[in-house]
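Chemist: Here is my input, please return the structure:
(2 chains)
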Amino acid sequence: DVKVTQSSRYLVKRTGEKVFLECVQDMDHENMFWYRQDPGLGLRLIYFSYDVKMKEKGDIPEGYSVSREKKERFSLILESASTNQTSMYLCASSVRNEKLFFGSGTQLSVL
Amino acid sequence: QKEVEQDPGPLSVPEGAIVSLNCTYSNSAFQYFMWYRQYSRKGPELLMYTYSSGNKEDGRFTAQVDKSSKYISLFIRDSQPSDSATYLCAMSRGSNDYKLSFGAGTTVTVRA
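Modeler: You can find the predicted model right below:
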């Protein structure tokens, strides 16, 4: 069974902290994505990666960075967490762009 | 104006009813159209995928695309309580387009 695993289901951090969200996929997919999901706004793409060490900005990259040192792992980094980054974060991977496999999400609260 | 508009609902229907969901979009370059289903506390999963205009049927689910009206629909026949979820439409410009544009999602509850 295909799997995208996000390291934390719930996370509570303080303003100004550096936050790492980890995602691992076991399907040998080239493409990996980080989205955030907010009520009324749907899913918005933060960053995606189409190969190891390659990354592209999505629609809302400000305040975030990413790292992909290995094919199966894609990390999202909040350099200095702010309250407006409180959200559900979803990682996904794919071979074809229309079929994304999502993880269960990390609900991040920044206080 | 959002690129993809989707009524958030919520939508509540009795078991066995037909559920009708839809999205409108503004970008005529979209060619690929998808519906994702998201259960509570889970990530979305691909339900239906269509290319360009037309209909596609898969069991109780039918997806329709009308590119001339920039309008897509998802119909669920004989709805079941297990269909209770949030349904998100998504679309892209081409197979090499990494950026899917998602609707906000419609929350559906099927009452037993």
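Chemist: Quick check: buried residues in the strand or helix carrying B:L46?
Modeler: Assessed by DSSP states H and E, B:L46 sits inside strand B:45-51. By neighbour count on 16 or more other Cβ atoms under 10 Å in any protein chain shown, the buried set for strand B:45-51 is B:L46, B:L47, B:M48, B:Y49, B:T50. Yep, even glycine has a C-beta here, placed from its N, CA and C like the rest.
Chemist: Tell me the spacing between the second one and chain A.
Modeler: What it means is B:L47. According to Cβ to the nearest Cβ, to the nearest Å, B:L47 and chain A sit 11 Å apart.
Chemist: I figured that residue was touching B:Y36, is that so?
Modeler: Yes. Using Cβ atoms under 8 Å, B:L47 makes contact with B:Y36 at a distance of 6.1 Å.
Chemist: which residues are in contact with both of those two?
Modeler: Common contacts of B:L47 and B:Y36 (Cβ atoms under 8 Å, 6 or more residues apart in numbering or on different chains): B:Y87.
Chemist: From A:M54, how far off is B:G43?
Modeler: B:G43 sits 23 Å away from A:M54, going by Cβ to Cβ, to the nearest Å.
Chemist: next one: A:M27
Modeler: In terms of Cβ to Cβ, A:M27 sits 18 Å off from A:M54.
Chemist: Show me what from chain A comes close to chain B.
Modeler: Contact residues, chain A versus chain B (Cβ under 8 Å from any Cβ of the partner chain): A:4, A:31, A:33, A:39-45, A:48, A:50, A:56, A:58-59, A:90, A:92, A:96-105.
Chemist: Which of these are buried, as a ChimeraX select command?
Modeler: Restricted to buried positions by 16+ other Cβ under 10 Å, the ChimeraX selection for those reads:
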select /A:4,31,33,42,43,44,45,48,50,58,90,92,97,98,100,101,102,103,104,105
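Chemist: Tell me which residue is most central in chain A.
Modeler: A:W34 (3.0 Å; Cα atoms, centre = their mean).
Chemist: Secondary structure element for that one, which one?
Modeler: Per DSSP H and E: A:W34 is located in strand A:31-38.
Chemist: What's the local residue count around the residue in chain B positioned nearest to chain A?
Modeler: As assessed by Cβ to the nearest Cβ, chain A sits closest to B:G43 within chain B, at 2.9 Å. By the measure other Cβ atoms under 10 Å in any protein chain shown, the count of residues near B:G43 is 22.
Chemist: same question, the one 10 residues further on
Modeler: One way to gauge burial is a neighbour count; for B:S53, by other Cβ under 10 Å, it gives 14.
Chemist: quick one, what contacts it?
Modeler: Contacts for B:S53 were tallied using Cβ under 8 Å, 6+ apart; they are B:V65, B:D66, B:K67, B:S68.
Chemist: Name the member of those that has the highest neighbour count.
Modeler: Taking other Cβ under 10 Å to define a neighbour, the member of those with the most is B:V65, carrying 22 neighbours.
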